[in-house]
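Student: sequence plus predicted model, see below.
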Amino acid sequence: MWLQNLEPGESWMGVWKGKFLCFDCGAIIEQNPCDICGYLHTPFVIPGLQNNEQPKALTFKGAIHENTYITLGLLKREWERPLIPESDVTDLLGQKIPQRIAFVLLFWTLFESLMDRMFSKKLESIPPKIAKNLLKKNNNISARMGEFYQLVFDTSFKDDLIQIGSPLIYDHLKNLQERRNAFIHDNPIAINEQLISDTLIHLQDIQAAWIKLYNKRCTVKSNTNL
Ligand SMILES: [Zn+2]
């Protein structure tokens, strides 16, 4: 499991380490040239210098968004914090509510923000007011995993995950969604220790699958690079 391979104190950046955005197609990559569109990133001359030996720099734009970075840090903190003594609040009819229940809720925040990034990027190609309206009307995660995904990408979220070789990710996410909804509405023990453990185990796999989907659905080659 990925957690066992980390050095003490190492961040949970995981699949984002070394990733950057292709300057041309926008893909999330870690190789130059881009393995999606083939664009070769080359050093550019640093402006503002007057001599004939202007230094050149090869720079990349990092792929991870700030909110993703912060949420991964919060997940790490939540997982590593010491457990505290039980109270009556966490003991419901003899069934303990897991102490790291917030771990699952934090993960779901991460997943929803990733899906928001994916749809926002895809809809950059249509007029901003229309995109904003569509995103607002379809801002719940059920739509974004369901009919809105079908509408925007002309396939289902499940089929897309199957096509990139991650069929179990869909089942895990649906289970998480249902348990999280049950927790919010009427079942405080819907999130159990097994679900928390599964969420940790699949944390990097889900983000890796999301990056594949993003590169498959949200990259656009420029005309000069076709
Ligand atoms: Zn590219």
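Tutor: Yep, that arrived.
Student: how many other residues sit next to residue 63?
Tutor: By other CB atoms under 10 Å, 21 other residues sit near residue 63. Using the backbone N, CA and C atoms, a C-beta is placed for each residue, glycine as well.
Student: and for residue 111?
Tutor: Quick note: residue 111 (other CB under 10 Å) scores 22 neighbours.
Student: need the contact list for the residue positioned nearest the centre of the chain.
Tutor: Note on the chain: the residue nearest the mean C-alpha position is residue 114, at 4.0 Å, using CA atoms, centre = their mean. By CB atoms under 8 Å, 6 or more residues apart in numbering, residue 114 lies in contact with 68, 207, 210.
Student: now do the buried residues in whichever strand or helix holds the first one.
Tutor: Read it as residue 68. Secondary structure from DSSP states H and E places residue 68 in helix 66-80. Residues of helix 66-80 classed as buried: 68, 71, 72, 74, 75, 76, 78, 79 (neighbour count, 16 or more other CB atoms under 10 Å).
Student: and what about residue 36, helix, strand or coil?
Tutor: Secondary structure for residue 36, judged by DSSP: H, G, I helix; E, B strand; the rest coil, is coil.
Student: kindly apply the preceding question to residue 207 instead.
Tutor: Assignment for residue 207 (three-state DSSP): helix.
Student: wait, it sits on residue 19?
Tutor: No: applying CB atoms under 8 Å as the test, residue 207 and residue 19 come out as separate, 10.2 Å apart.
Student: neighbour-wise, which of these two wins?
Tutor: Using other CB under 10 Å, the more surrounded residue of residue 207 and residue 19 is residue 207, with 20 against 16.
Student: and the more buried one, what does it touch?
Tutor: Neighbours of residue 207 in contact, by CB under 8 Å, 6+ apart: 14, 15, 16, 114.
Student: may I ask which of the residues you listed has the most neighbours?
Tutor: Greatest neighbour count in the contacts of residue 207, by other CB under 10 Å, goes to residue 16: 22 neighbours.
Student: ok, now how distant is that residue from residue 215?
Tutor: Remark: distance between residue 16 and residue 215 (CB to CB, to the nearest Å) = 14 Å.
Student: for residue 149, same thing?
Tutor: Taking CB to CB, one finds residue 149 at 16 Å from residue 215.
Student: of these two, which one has the most company?
Tutor: Just comparing residue 149 and residue 215: by other CB under 10 Å the higher neighbour count belongs to residue 149, 23 against 20.
Student: quick check, nearest of the buried residues of helix 66-80 to residue 154?
Tutor: residue 68 (26.4 Å; CB to CB).
Student: count the neighbours of residue 42 for me.
Tutor: Neighbour count of residue 42, defined by other CB under 10 Å: 10.
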